[in-house]
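Student: no FASTA, just this:
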């Protein structure tokens, strides 16, 4: 009998049994970090007045010694990530190429602890950046994250509901998808243990859940105005890789307190950095030609990245059904789940078209202007269409 690796325990990888990759309970930073938190709470005004850089330059360098819990490190990443992006792009026409040690030193230390690149990535924009609007409520996080009206972003460049929608609709989708994470791992465990399962029902649940995840995207359309996003929010998310035309030909330098510098060229925050959808690709046996999604794993928290690698050692759901070539009902149910996944990706293409491509076209006056790229540095529509078209089921028998 072939050796089968043991199924990974999500909790060992900072993956919640109900919320998946989303932080279950955001935590306030200790009082020592009040100078950071004051800047975050006032960030939109400071950006509008273009005084953030002055305030940051006046900051003392705070150590990470007072971050005593994993939730503290996550919150520090959100705070410092937002402040760093805001410092770079305060003047969008002339971005800052050097981040002072007052931000850069603790940010580098936090990113090292979490095993992430030193840039504000998807985890900081979305997974760890939610709070309930009423702190006195007793809603379970899964309930709160099912209702856009009772959640908001902790950190924000604009303090608008448009930005809340951009940040938090992906979180709502992630929580819905957490159901699939548990279902798929339980299914693989049962198959390995020789248990008899109704796999058709499993795939029907997958299809229904993916359809519901797609419907949740309508919250973004209702609450985020495309031109506001394109003009006020998206520029703040830009990375330092491939940013020559934006004024960062050499990337960004992060200063250390000893005078040394760490030079980086990082992609900006992107949905491609979501662990959930790379997990779904693996579970459904979807293969992509491009290596870009693999490259995006460097922007995930290390524990989440390790979880994906552990899951990749397991058989996929596609592997399981291909052991039953005679079962047409099973193949049809799996095909239904794959089609629901493909429809979700079509909805993602529509979002990128509405919030990036069309607003960019409306602003174009110079026909020689280069194509709009996503925050991760790619041409978004061709990539996303290819990912969608690769989300298919072709039986190997």
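Tutor: All right, it came through fine. Note that the structure is a prediction, hence the values are computed from the model and not measured. Numbering: from 1, shown residues only.
Student: elements contacting the helix ranked longest in the chain?
Tutor: When the chain is parsed with DSSP state H, its longest helix is helix 161-192. Here helix 161-192 touches strand 130-132, strand 151-153, helix 199-216, helix 218-223, helix 275-284, helix 317-321, going by 3 or more CB pairs under 8 Å, 6 or more residues apart in numbering; DSSP states H and E. From N, CA and C alone the C-beta is placed, and that goes for glycine too.
Student: buried by neighbour count: which residues of the third one qualify?
Tutor: Read that as helix 199-216. 199-200, 202-203, 205-207, 209-211, 213-214, 216 (16 or more other CB atoms under 10 Å).
Student: can you give the contact residues for it?
Tutor: The contact list for helix 199-216 (CB atoms under 8 Å, 6 or more residues apart in numbering) reads 169, 172-173, 176-177, 179-180, 183-184, 187, 317, 320-321, 329-330, 333-334, 336-337, 339-341, 343-344, 347.
Student: contacting residues for the residue nearest the centre of the chain?
Tutor: Residue closest to the average C-alpha location in the chain (CA atoms, centre = their mean): residue 122, at 2.9 Å. When contacts are counted by CB under 8 Å, 6+ apart, residue 122 touches 170, 269-274, 299-300.
Student: residue 291 and residue 306: what is the separation?
Tutor: As judged by CB to CB, to the nearest Å, residue 291 and residue 306 stand 19 Å apart.
Student: quick revisit: look up how far residue 340 lies from the residue nearest to the residue nearest to the centre of the chain when sequence neighbours are not counted.
Tutor: Excluding the flanking residues, the one nearest residue 122 by CB to CB, 6 or more residues apart in numbering is residue 273, at 3.7 Å. Look at residue 273 and residue 340: by CB to CB, they are 23 Å apart.
Student: and the two? which has more neighbours close in?
Tutor: residue 273 (30 against 21; other CB atoms under 10 Å).
Student: surely that one meets residue 304?
Tutor: No: if you go by CB atoms under 8 Å, residue 273 and residue 304 don't touch, sitting 9.5 Å apart.
Student: now the common contact residues for those two.
Tutor: Common neighbours of residue 273 and residue 304 are listed as residue 123 (criterion: CB under 8 Å, 6+ apart).
Student: please enumerate the helices of the stretch 1-150 of the chain.
Tutor: Applying DSSP state H, counting those that start in this stretch to the stretch 1-150 of the chain gives helices spanning 34-41, 43-49, 52-57, 70-89, 101-114, 122, 141-144.
Student: same list (these) but as JSON lines, adding mean pLDDT and distance to residue 311.
Tutor: What follows is the helices of the stretch 1-150 of the chain, written out as JSON lines (pLDDT from 0 to 100; distance: least, CB to CB, whole Å):
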{"stretch": "helix 34-41", "mean pLDDT": "98", "distance to residue 311": "34"}
{"stretch": "helix 43-49", "mean pLDDT": "98", "distance to residue 311": "37"}
{"stretch": "helix 52-57", "mean pLDDT": "98", "distance to residue 311": "40"}
{"stretch": "helix 70-89", "mean pLDDT": "98", "distance to residue 311": "21"}
{"stretch": "helix 101-114", "mean pLDDT": "98", "distance to residue 311": "20"}
{"stretch": "helix 122", "mean pLDDT": "98", "distance to residue 311": "18"}
{"stretch": "helix 141-144", "mean pLDDT": "94", "distance to residue 311": "22"}
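Student: out of those helices, nearest to residue 228?
Tutor: Ranking these by proximity to residue 228 (CB to CB) places helix 43-49 first, at 12.8 Å.
Student: what are the buried residues along the closest one?
Tutor: 43-44, 46-47.
Student: and what of stretch 252-270?
Tutor: Residues of stretch 252-270 classed as buried by neighbour count (16+ other CB under 10 Å): 252-255, 264-270.
Student: so which residues make contact with that stretch?
Tutor: For stretch 252-270, the surrounding residues in contact (CB under 8 Å, 6+ apart) are 61, 88, 96-101, 104-105, 107-108, 117-122, 124-125, 237-242, 250-251, 296, 299, 374-377.
Student: ok, 6 Å please
Tutor: Stretch 252-270 is contacted by residues 61, 97-101, 104-105, 108, 117-122, 125, 237-241, 251, 375-377 when judged by CB atoms under 6 Å, 6 or more residues apart in numbering.
Student: compare the helices and strands packed on helix 161-192 and say which comes out lowest on pLDDT.
Tutor: Among these, helix 317-321 carries the lowest mean pLDDT, at a mean of 88.
Student: follow-up on the earlier one: more neighbours, residue 291 and residue 306?
Tutor: residue 306 (17 against 8).
Student: against which helices or strands is the helix or strand harbouring that one packed?
Tutor: Using DSSP states H and E, residue 306 maps to helix 302-311. Helices and strands touching helix 302-311, as assessed by 3 or more CB pairs under 6 Å, 6 or more residues apart in numbering; DSSP states H and E, comprise helix 275-284.
Student: chain center to the helix it packs on: distance?
Tutor: Averaging C-alpha positions (CA atoms, centre = their mean, to the nearest Å) puts helix 275-284 13 Å from its chain's average.
Student: quick one: buried residues of it?
Tutor: Within helix 275-284, the residues scored as buried using 16+ other CB under 10 Å are 275-284.
Student: cool, stretch 332-340 as well?
Tutor: 333-340.
Student: same check on stretch 53-66?
Tutor: 53, 55-56, 59, 62, 64.
Student: can you list the residues that contact it?
Tutor: Applying CB under 6 Å, 6+ apart, the contact partners of stretch 53-66 are 30, 32, 35, 87, 90, 100-103, 105-106, 109, 257.
Student: lowest confidence element among the helices and strands of the chain?
Tutor: helix 380-389 (a mean of 59; mean pLDDT, DSSP states H and E).
Student: about what we covered before: and the helices of the stretch 1-150 of the chain, which is most packed in?
Tutor: helix 122 (a mean of 27; mean count of other CB atoms under 10 Å).
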